[in-house]
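Asks: requesting a structural model of the entry that follows:
(chains A and B)
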Amino acid sequence: AQSVTQLDSQVPVFEEAPVELRCNYSSSVSVYLFWYVQYPNQGLQLLLKYLSGSTLVKGINGFEAEFNKSQTSFHLRKPSVHISDTAEYFCAVTQRQAGTALIFGKGTTLSVSS
Amino acid sequence: EAQVTQNPRYLITVTGKKLTVTCSQNMNHEYMSWYRQDPGLGLRQIYYSMNVEVTDKGDVPEGYKVSRKEKRNFPLILESPSPNQTSLYFCASLGFTEAFFGQGTRLTVV
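Replies: The predicted model follows:
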């Protein structure tokens, strides 16, 4: 069975500061990894995904994430955040085969203030 | 355009009054799923379907039913809603490498 742990439930930062949102997963088989963002009162939007190849994945809005197989991590980073990045961020994992569930972490609320 | 259409967006109902939340996808995906989102708990899977007439329980199935009579539609049924089912619900359609989500249904049971 797979599971996802987002290590921080809330991350407060100041505008233009760097940020890292941490995600660890467990799975006995190879996985695909995702980060989704949910802005206030909106649905889920895909930020980025790791399927294979380069372990550094670039997404929308200047975010990137690095897949680390040995540490089973997929941390999300942004070098300089904006007020508009305030949102909830979800890490998710699924096995590399059709018909398997997409399992989510409990979410990290990123609050950017000026 | 790839789309998951979920209705209604908002619903207030009373305890015990049966309701259905509809979900439809246009990507010919076999796998569809329902999630509920609650503060501090993330998204939890309610039910999923791997194909027509194939459904199974997720992590929090109590109080819910689903059906999959055709590939594109996957309705969520609450036969007798209770206040603890007040939540934000998302339908998802899963391709091999990406999930597509509906806009969500905010349900309040009073």
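Asks: how close does the residue in chain A that chain B sits nearest to sit to B:Gly42?
Replies: Chain B sits closest to A:Lys106 of chain A, with a gap of 3.7 Å, by CB to the nearest CB. Where you see a C-beta, it was placed from the backbone N, CA and C, and this is true even at glycine. Distance of A:Lys106 to B:Gly42, computed by CB to CB, to the nearest Å: 4 Å.
Asks: what residue is smack in the middle of chain A?
Replies: Geometric centre of chain A, nearest residue: A:Trp35, 3.4 Å, by CA atoms, centre = their mean.
Asks: which residues touch residue 3?
Replies: Going with chain A. A:Tyr25, A:Ser26, A:Ser27, A:Ile103 (CB atoms under 8 Å, 6 or more residues apart in numbering or on different chains).
Asks: that's the wrong chain, I wanted chain B
Replies: The contact partners of B:Gln3, by CB under 8 Å, 6+ apart, come to B:Gln25, B:Asn26, B:Met27, B:Phe100.
Asks: most neighbours among these, which one?
Replies: When neighbours are taken as other CB atoms under 10 Å in any protein chain shown, the top entry among the contacts of B:Gln3 is B:Gln25 (23 neighbours).
Asks: neighbours around the nearest residue to that one once chain neighbours are set aside, how many?
Replies: In this structure, B:Gln25 finds its nearest non-sequential neighbour in B:Ser93, 3.8 Å apart by CB to CB, 6 or more residues apart in numbering or on different chains. A count of nearby residues for B:Ser93, using other CB under 10 Å, gives 26.
Asks: sheet-wise, list the partners of the lowest-mean-pLDDT helix or strand in chain A with their directions.
Replies: None of the helices or strands of chain A scores lower by mean pLDDT, DSSP states H and E than strand A:103-104, at a mean of 90. Each strand paired with strand A:103-104, and its direction, by DSSP bridges: strand A:87-95 (antiparallel).
Asks: what's the burial count for B:Asn28?
Replies: Other residues near B:Asn28 number 9, with proximity taken as other CB under 10 Å.
Asks: who does the next helix or strand after the least confident helix or strand of chain A touch, helix- and strand-wise?
Replies: The first helix or strand that comes after strand A:103-104 along the chain, using DSSP states H and E, is strand A:108-113. Judged by 3 or more CB pairs under 8 Å, 6 or more residues apart in numbering or on different chains; DSSP states H and E, strand A:108-113 is in contact with strand A:10-14, strand A:19-21, strand A:87-95.
Asks: if anything else comes up later, I'll come back, but that's it for now.
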